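**Student:** Sequence and predicted structure are below.
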Amino acid sequence: MCGILGAVATTPVNQLLYDGLMVLQHRGQDAAGIATVENDAFHMHKGSGLVRDVFRTRNMRALPGNMGIAHCRYPTAGSAFDSSLSQPFYVNSPFGIVLGHNGNLTNTEELKEEMFRQDLRHINTHSDSEVLLNALAHELQATAKGYRLDLDTIFGAVSAVHRRCRGAYAVVAMIAGYGMLAFRDPFGIRPLVFGTNETPEGTEYLFASESVALDTLGFKVLRDVDPGEAIFIDLEHRMHQRQCARNSALAPCIFEFVYLARPDSVIDGVSVYEARLHMGEHLADKLVKHIPVEEIDVVIPIPDSSRPSAMQLAQRINVPYREGFVKNRYIGRTFIMPGQATRKRSVRQKLNTVAQEFKGKRVLLVDDSIVRGTTSREIVEMARAAGALKVYFASASPPVRYPNVYGIDMPTRSELIATGRSGEEIAREIGADALVYQDLNALKASIRELKPSLCSFDTSCFDGSYITGDVSPEYLNAIELAREGYGAAARDELWSSNQLQLNLMSVD
């Protein structure tokens, strides 16, 4: 999960991109970067930390130009604090390209091998985003007529990227001397939306991971970038669009609606806020089958993502809704902190109880999901310490039993509390008197009720069905070995297992 922005404006874009990153800060708190272009020359500043900490006045002054891209990073691969992994990435051969990427490739090691032996390109980091950048650069070179680019060349290069790269990718890129390119993988796993702003000097364009960035910056949302589609804005501010994938089908990551996106965003035509309200209704319908309503005195959300679901659940079962936790806004999301020990220490710094909402009451806590269980366990303990007689727990999403390989940092099955455990066992692990999970079909229905034409989702973290079709058990094992520090041997296994899977797919 990362946040990306791409702006083509009639005035300098540095402040616009900075403000957009502040709105998308929830999508990545590890690093941030902005790149602009002026007179075919790129200017870039990036570094580790929150947006407000990375950029100073002198940095902003060094980012001139009316076109630029921006990125806030949340670590999905590599070291969480390795500043070399900050984006955007840049390559100068044979065309100057700056690229920002949200998602995660599943055939990174295979591509690295191809680039080293066939494309004669060297990858400097462990980032799959740098691999994606070099894939785009190579395909532009392969399809170009000499050293000049035209629309057919640019869109042809994106088509070739779709054929080579597997996994999730929403991309914004600038090509020096030509314009801005945005594209999305053939399944549309990660979100990308764009809009316009009409000015006396002409039309301005903005691409963003979430519609909320366009709303707050005064842009009119046009639509989402379609799966497999590429959109190019040239230097004369003319927009060109083309479907570049042979086969495309929208299947967004359902976890965007559960947790990742801001509630005031609209993703692929679905209001995240309304989807979470519907999740609360479906969760209430299941809850009453397992826990007598008269056993619940109060419904309390675990801030912030679960609030809409908790409110709707409380209304549906006619139980008072109360705010029982106060959140410290200056502590980062525990879900995206790099280490388990760091996450555990930060929970009590992040949340504090309003004791009178717990004392002597039977409490139902509602959260959007339970991933590792660390936060849930600490929160149940806090509720009991505040005087709760009983603590029930409800999750607005199903058990997270499988790793997500498309850009969310939960790739190790041993880290997931639901892996290999029943609901009763999980309840005991987190210390709850009872635990109720949302059903997967109900979760899907929560979104389809708002957009019936949205038929497919990537639900791999819940059911182990990976939408790209190239993720094998051997691949997952190799990822876990690599994360546990087995180094080169694990990377070799990762490449070999993925190559075997791809070969079997080609035979089919």
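**Tutor:** On my side now, so go ahead. The structure displayed is predicted, hence computed values, not measured ones.

**Student:** From here on, just use CA atoms for contacts and neighbour counts.
**Tutor:** Will do.

**Student:** Might you calculate how far stretch 304-322 sits from the centre of the chain?
**Tutor:** 26 Å (C-alpha atoms, centre = their mean, to the nearest Å).

**Student:** Show residues contacting it.
**Tutor:** Residues lying outside stretch 304-322 but in contact with it, judged by C-alpha atoms under 8 Å, 6 or more residues apart in numbering, are 258-259, 262-263, 273, 276-281, 283-284, 288, 293, 296-301, 357, 366-368, 396.

**Student:** Can you list which of these are found in helices?
**Tutor:** Among the contacts of stretch 304-322, DSSP state H puts 273, 276, 277, 278, 279, 280, 281, 283, 284 in helices.

**Student:** what about the third one, distance to residue 474?
**Tutor:** Pointing back at residue 277 there. Relative to residue 474, residue 277 is positioned 38 Å away (C-alpha to C-alpha, to the nearest Å).

**Student:** Likewise for residue 116?
**Tutor:** Residue 116 sits at a distance of 24 Å from residue 474 (criterion: C-alpha to C-alpha).

**Student:** cool, and residue 40?
**Tutor:** As defined by C-alpha to C-alpha, residue 40 lies at a distance of 45 Å from residue 474.

**Student:** Name the residue in these two with the higher neighbour count.
**Tutor:** Between residue 40 and residue 474, counting by other C-alpha atoms under 10 Å, residue 474 is the more crowded of the two (17 against 14).

**Student:** tell me the SS of that one?
**Tutor:** Put simply, residue 474 is helix when judged by DSSP: H, G, I helix; E, B strand; the rest coil.

**Student:** I figured residue 401 hits residue 459, correct?
**Tutor:** No: Residue 401 is not in contact with residue 459 according to C-alpha atoms under 8 Å; the separation is 10.8 Å.

**Student:** picking that back up, return the members of the contacts of stretch 304-322 classed as buried.
**Tutor:** Those of the contacts of stretch 304-322 that meet the buried threshold are 258-259, 262-263, 273, 276-281, 283-284, 296-301, 357, 366-368, 396, by 16 or more other C-alpha atoms under 10 Å.

**Student:** helix, strand or coil for residue 101?
**Tutor:** Residue 101 - assigned by three-state DSSP - is strand.

**Student:** cool, residue 461 as well?
**Tutor:** helix.

**Student:** Let me see the confidence value for it.
**Tutor:** As predicted, residue 461 sits at a pLDDT of 94.

**Student:** again with residue 117
**Tutor:** With respect to pLDDT, residue 117 has a value of 85.

**Student:** Residue 91 versus that one, what's the distance?
**Tutor:** Taken as C-alpha to C-alpha, the span from residue 117 to residue 91 is 18 Å.

**Student:** With neighbour numbers in mind, choose between these two.
**Tutor:** Set residue 117 next to residue 91 and count neighbours by other C-alpha under 10 Å: residue 91 wins out with 15 against 11.

**Student:** For burial, what's the neighbour tally of the nearest residue to that one once chain neighbours are set aside?
**Tutor:** Computed as C-alpha to C-alpha, 6 or more residues apart in numbering, the closest residue to residue 91 that is not its neighbour in sequence is residue 97, at 5.5 Å. By the criterion of other C-alpha under 10 Å, residue 97 has 22 neighbours.

**Student:** cool, residue 57 as well?
**Tutor:** Residue 57: 7 neighbours (other C-alpha under 10 Å).

**Student:** Equivalent analysis for residue 183, please.
**Tutor:** There are 28 residues near residue 183, going by other C-alpha under 10 Å.

**Student:** same check, this time on residue 448
**Tutor:** 16.

**Student:** Just give the number of residues close to residue 420.
**Tutor:** 11.

**Student:** check contacts around it.
**Tutor:** So residue 420 contacts residue 401 (C-alpha under 8 Å, 6+ apart).

**Student:** let's go with 10 Å and repeat that
**Tutor:** Residues near residue 420 by C-alpha atoms under 10 Å, 6 or more residues apart in numbering: 401, 413, 414, 426.

**Student:** Which single one of the residues you listed is nearest to residue 455?
**Tutor:** The nearest member of these to residue 455, counting by C-alpha to C-alpha, is residue 401 at 22.5 Å.

**Student:** Touching, that closest one and residue 418? I think so.
**Tutor:** Yes: if you go by C-alpha atoms under 10 Å, residue 401 and residue 418 touch, sitting 5.2 Å apart.

**Student:** Overlap of the contact sets of these two?
**Tutor:** Jointly contacting residue 401 and residue 418 under the rule C-alpha under 10 Å, 6+ apart are 371, 372, 462.

**Student:** Would you write a ChimeraX line that selects the buried entries of the residues you listed?
**Tutor:** Applying 16+ other C-alpha under 10 Å to those leaves a buried subset, and the ChimeraX line that selects it is:
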select :371,372,462
